[in-house]
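Asks: Any chance you can model this:
(one chain, ligands or ions: 1)
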Amino acid sequence: MDAIGTIEIAGIVADIAAEMGAAAERGTVASYIPPLAQVPPEKFGIAVVMADGAVHVAGDADEAFSIQSISKVFSLTLALGAVGDQLWQRVGREPSGSAFNSIVQLESEQGIPRNPFINAGAIVVCDVLLGRSAPAEAIAQMVRFVRTLAGDEAGSIGIDEAVASAEQDTGFRNMALANYMRAFGNIRAPVERVLGVYFHFCALAMSCRELAMAGRYLMNGGRVGGHSVITANRARRINALMMSCGHYDNSGDFAFRVGLPGKSGVGGGILCVAPGIASIAVWSPGLNASGNSQLGTLALERLVQRTGWSVFEPRVS
Ligand SMILES: NC(=O)CC[C@H](N)C(=O)O
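Replies: Numbers count the residues shown, from 1 in each chain. Sure, this is the predicted structure:
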């Protein structure tokens, strides 16, 4: 850890929540998935779980929200566990520079998505998981996995079925992506099954506190409480992908402003990792033009300015 102590972090987290509560420019809540449009834009939560186990929360940190594309981090982790590096034959590792739901690169790149954190890539990841289990099993395995990562013994993390079925009803672009990749042979299971799994993963609901807890393995070289979730090498690589691809065509700007691996979702959440230091979750439903939480990004930018936690900053001992 660096020179900043526990009391200071608690104060910084509380100050940021107060600043974000008062912010006027809150972005636009996603409306293409109808239940997400109902979430009040005033919400803001932040949770910081330190490497020593201390937890600092402020604002609406205990209110569950739809984690949406943040689930792509957990599905990637499961798929790497299932098939290892063979995954990279079907999904790339380059930033796309395009929107999260873009189809344009798939034609010239023969149905191989640029990375696992855009929709097309995450849909392939779901297909890989379906190579090993039926849809209901894959969904149950994901819920169990995230609960275990978060230490959620009460089982409060779950799938918001209303969100999952709204995505099913409105997910025409995702259907197009999946069918298009199927034409190239990069989706193997029936498209409806693959998307059923994908939509349920996106519909996972949890709070900032639970999400920051679930991200601990990424700050800890793949380990949580003495257990190895994944190898240190894989944790490092997932962090690298979060840095380069976690915010779609905004990933460069996020690295510039925050300088930490992060993954956003259209529910307004961001999971962010300060390796060796902290796992952080923020939530504010209003999005910027690239579909990333406007105030969530600003909150992380301020947190890093005040703590010096950017991976590009020298560590003070
Ligand atoms: N960026 C996101 O969070 C997108 C996830 C959303 N479920 C979709 O597929 O469109």
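Asks: only C-alpha atoms for contact and neighbour calcs from this point on.
Replies: Fine.
Asks: Strands along the stretch 151-300 of the chain, start to end?
Replies: 158-159, 204-206, 223-224, 227-228, 262-264, 269-274, 278-283, 286-287 (DSSP state E, counting those that start in this stretch).
Asks: is the first one up against the ligand anywhere?
Replies: Right, the one you point to is strand 158-159. No: residues of strand 158-159 contacting the ligand under C-alpha under 6 Å from any ligand atom: none, with a closest distance of 12.6 Å.
Asks: Tell me the gap between that strand and the middle of its chain.
Replies: 15 Å (C-alpha atoms, centre = their mean, to the nearest Å).
Asks: Please name every helix or strand in contact with it.
Replies: Packing partners of strand 158-159 (3 or more C-alpha pairs under 8 Å, 6 or more residues apart in numbering; DSSP states H and E): strand 204-206.
Asks: of all the strands of the stretch 151-300 of the chain, which lies closest to Asp253?
Replies: strand 262-264 (11.7 Å; C-alpha to C-alpha).
Asks: Pull the residues that contact the closest one.
Replies: Outside of strand 262-264, the residues within contact range by C-alpha atoms under 8 Å, 6 or more residues apart in numbering are 69-70, 73, 239, 242-243, 246-247, 270-273, 292-293.
Asks: now, which of these lie close to the ligand?
Replies: With C-alpha under 6 Å from any ligand atom as the criterion, those include Ser69 near the ligand.
Asks: Turn the contacts of strand 262-264 into a markdown table, columns for distance to Gly185.
Replies: Listed next are these as a markdown table, based on distance: C-alpha to C-alpha, whole Å:
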| residue | distance to Gly185 |
| --- | --- |
| Ser69 | 24 |
| Ile70 | 26 |
| Val73 | 24 |
| Asn239 | 29 |
| Met242 | 27 |
| Met243 | 29 |
| Gly246 | 26 |
| His247 | 27 |
| Ile270 | 32 |
| Leu271 | 32 |
| Cys272 | 34 |
| Val273 | 35 |
| Asn292 | 31 |
| Ser293 | 34 |
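Asks: Counting only helices, which of the contacts of strand 262-264 make the cut?
Replies: Residues of those located in helices (DSSP state H): Val73, Asn239, Met242, Met243.
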